[in-house]
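Curious how this folds, go ahead:
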Amino acid sequence: MVIAVIVAAAIYMLYLSHHPDLSAQDPRSARVYVESNDMLKAMAVAGLAGIVAAGAIGWLSARSAIRPLGRALDLQRRFVQDASHELRTPLAILDARVQLAQQKVAGGAEVSGLLAQVRRDTAGLTATVQELLLAATGDPDYPAAEAVDVAAVVRAVTDELQDMAASRGVRLEFVHAGAPRARIQPNSLRRAVLGLVDNALAHTPEGGLITVTAAERGREASVTVADTGAGISGIDQDRVFDRFARTTEPSPGSRRSYGLGLALVREIAVAAGGRVEISSTGPDGTTMELAFPAAG
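All right, here's what the predicted structure looks like:
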């Protein structure tokens with residue numbers, strides 16, 4: 001753009017040199033005179049034209065660069081809306097069938113208990129779908145978060161994952177200190193804790209231990225997930241909570257990772273005014289902490 005301004009000024013000055021004010025010159029002189037005022041005018045005109053051109057080019061470039069991003073965001077929002085809406089009916093059907101099975105089971109406390117757990121799992125998934133749909137539509141009537149018993153939610157999550165942990169030969173323990181409370185949707189907290197524990201399960205070898213602790217720490221309600229895996233390697237720790245960030249090191253589990261779990265945990269934490277971070281990591285394991293402002 002600077003070059004364009006200089007070129008424009010030079011062209012204008014050249015024009016003036018070929019169209020001088022002949023009345024002010026000696027007809028016998030071979031010299032060409034350009035007044036300083038004319039030069040300043042030329043520079044001002046050229047500079048103004050350059051600024052206008054730069055603004056126009058920048059605006060057009062920004063529009064062309066943002067348009068694909070806008071389309072991608074629209075597609076993403078539409079996908080979440082459609083997927084969330086389409087999942088609601090199958091989940092309702094599944095819940096109805098579980099209820100029917102519970103009614104038809106005569107005796108068999110163990111079977112009845114399993115069906116009750118399946119129904120709770122279905123209810124949790126339904127709540128997650130509802131949250132995604134509300135977030136995608138930007139519903140202004142989204143219910144305000146009330147103070148929730150953090151320890152109760154964390155205990156429920158560890159109970160949910162006991163069977164999965166046992167199938168991998170990993171011990172999963174829950175510990176709590178005090179009665180931490182935070183203002184967050186219960187299912188959002190459930191999803192965040194579930195994401196941390198699921199990540200720990202994916203990186204803890206058979207015979208390992210995962211300890212989930214809910215506690216009051218000053219003015220925060222804290223949840224820590226400590227595993228006995230090999231620690232974080234193959235990725236910059238600052239990128240662990242980024243979307244699609246994956247380690248280059250193989251994990252003990254066989255399930256494929258898409259690098260979304262911890263990113264979603266961070267989004268949930270930030271949305272509730274909290275934080276999530278790596279407290280420590282090394283050959284003896286990793287500890288991650290999820291913390292929210294304590295609710296009185």
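
Output the contacting helices and strands for whichever strand or helix holds residue 193.
Following DSSP states H and E, the helix or strand that holds residue 193 is helix 186-202. The contact analysis (3 or more CB pairs under 8 Å, 6 or more residues apart in numbering; DSSP states H and E) places helix 186-202 against helix 109-137, helix 150-160, strand 209-217, strand 220-227, helix 261-271, strand 285-293. Placement of C-beta: from N, CA and C, glycine included.

Compile those into a markdown table and extend it with columns for mean neighbour count, distance to residue 68 and mean pLDDT.
Below are the helices and strands packed on helix 186-202 laid out as a markdown table (neighbours: other CB atoms under 10 Å; distance: least, CB to CB, whole Å; pLDDT from 0 to 100):
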| stretch | mean neighbour count | distance to residue 68 | mean pLDDT |
| --- | --- | --- | --- |
| helix 109-137 | 15 | 20 | 75 |
| helix 150-160 | 21 | 39 | 94 |
| strand 209-217 | 19 | 42 | 96 |
| strand 220-227 | 24 | 38 | 96 |
| helix 261-271 | 18 | 22 | 90 |
| strand 285-293 | 22 | 35 | 96 |
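
Which one, of the ones you listed, ends up nearest to residue 48?
helix 261-271 (44.9 Å; CB to CB).

what's the angle between that closest one and strand 285-293?
20 degrees (axes from the mean of the first three to the mean of the last three CA atoms, to 10 degrees).

so what secondary structure elements neighbour helix 261-271?
helix 186-202, strand 275-282, strand 285-293.

So which residues make contact with it?
For helix 261-271, the surrounding residues in contact (CB atoms under 8 Å, 6 or more residues apart in numbering) are 184, 188-189, 191-192, 195-196, 198-199, 240-245, 275-276, 290-292.

Just the buried ones from those residues?
184, 188-189, 191-192, 195-196, 198-199, 240-241, 245, 276, 290-292 (16 or more other CB atoms under 10 Å).

gap between the residue nearest to the spatial centre of the chain and residue 105?
Nearest to the geometric centre of the chain sits residue 267, at 4.6 Å (CA atoms, centre = their mean). Per CB to CB, to the nearest Å, residue 267 is found 40 Å from residue 105.

Can you give me the domain assignment for the protein?
2-66, 78-137, 147-293 (automatic domain parsing).

Just send those back as JSON lines, with distance to residue 72 too.
Listed next are the domains of the chain as JSON lines, based on distance: least, CB to CB, whole Å:
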{"stretch": "domain 2-66", "distance to residue 72": "10"}
{"stretch": "domain 78-137", "distance to residue 72": "11"}
{"stretch": "domain 147-293", "distance to residue 72": "13"}
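
weakest of the ones you listed by average pLDDT?
With a mean of 61, domain 2-66 has the lowest mean pLDDT of these.

just the buried ones among the contacts of helix 261-271 now: which is nearest residue 125?
Residue 125 lies nearest to residue 191 out of those, by CB to CB, at 10.4 Å.

If you drop the residues flanking it in sequence, what lies closest to residue 116?
residue 102 (7.1 Å; CB to CB, 6 or more residues apart in numbering).

Correct me if wrong, but the one you found is in a helix.
Yes. Assessed by DSSP: H, G, I helix; E, B strand; the rest coil, residue 102 belongs to a helix.

Contact partners for it?
Contacts of residue 102 by CB under 8 Å, 6+ apart are 112, 115, 116, 119.

Distance of the residue nearest to the centre of the chain relative to residue 286?
From residue 267 to residue 286 the distance is 20 Å (CB to CB).
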